[in-house]
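Engineer: below is the structure, and that's it, no one-letter string:
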């Protein structure tokens with residue numbers, strides 16, 4: 001099994017609650033109402049705005065076996081919210097290789113754009129830099145299915161954190177596609193032999 005991305009976990013909920021609780025306790029010194037409003041406001045911003053919107057980028061898990069692809073489908077807001085509140089029984093959607101007509105890979109595999117570093121270096125930048133790199137350097141694999149639909153999955157996170165091993169996994173994956181007679185459209189700046 002070749003695995004890409006990161007599975008959803010309790011991190012979005014715990015970070016949202018932790019930061020909100022900290023801010024709420026600080027404002028609790030003014031009054032209970034102000035503390036409660038601060039807690040709810042910060043929680044809504046972190047959980048409802050940041051994580052709810054960026055979940056498919058940060059937690060884009062998918063895996064490939066010898067005859068199918070499985071992925072976590074987080075396109076709908078309701079599925080994202082459910083996954084953030086109860087992450088572990090997340091069902092993976094499956095696509096059999098026989099359902100795939102073509103595969104298109106797009107993105108820059110050779111020279112990804114670097115995120116400029118802020119001076120002085122901050123904790124916030126250390127937390128947000130990988131996410132910014134994933135957004136700035138999208139590397140997507142689109143599976144065009146026989147029924148006319150398509151599914152696009154990302155390998156950007158893996159390339160940011162573990163470039164060499166990800167390129168090896170991509171080579172294995174493309175070899176599986178070729179073995180199954182699936183046409184590959186390479187729209188990258190690199191040959192399919194990635195390493």
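Structural biologist: Received the coordinates, thanks. The structure presented is a predicted model; accordingly, all values stated were derived computationally and were not measured.
Engineer: can we go C-alpha only for contacts and neighbour counts from here?
Structural biologist: Noted.
Engineer: against residue 82, how distant is residue 4?
Structural biologist: 21 Å (C-alpha to C-alpha, to the nearest Å).
Engineer: between these two, which is the more surrounded one?
Structural biologist: Remark: of residue 4 and residue 82, residue 4 carries more neighbours, 23 against 13, as counted by other C-alpha atoms under 10 Å.
Engineer: next up, the contacts around the more buried one.
Structural biologist: 60-63, 155, 158 (C-alpha atoms under 8 Å, 6 or more residues apart in numbering).
Engineer: same list, those residues, but as JSON lines with neighbour count, pLDDT and distance to residue 18 please.
Structural biologist: Listed next are the contacts of residue 4 as JSON lines, based on neighbours: other C-alpha atoms under 10 Å; pLDDT from 0 to 100; distance: C-alpha to C-alpha, whole Å:
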{"residue": "60", "neighbour count": "23", "pLDDT": "84", "distance to residue 18": "24"}
{"residue": "61", "neighbour count": "23", "pLDDT": "89", "distance to residue 18": "25"}
{"residue": "62", "neighbour count": "22", "pLDDT": "89", "distance to residue 18": "29"}
{"residue": "63", "neighbour count": "17", "pLDDT": "90", "distance to residue 18": "31"}
{"residue": "155", "neighbour count": "26", "pLDDT": "83", "distance to residue 18": "30"}
{"residue": "158", "neighbour count": "20", "pLDDT": "81", "distance to residue 18": "27"}
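Engineer: so which pair among those is furthest apart in space?
Structural biologist: 63 and 158 (12.4 Å; C-alpha to C-alpha).
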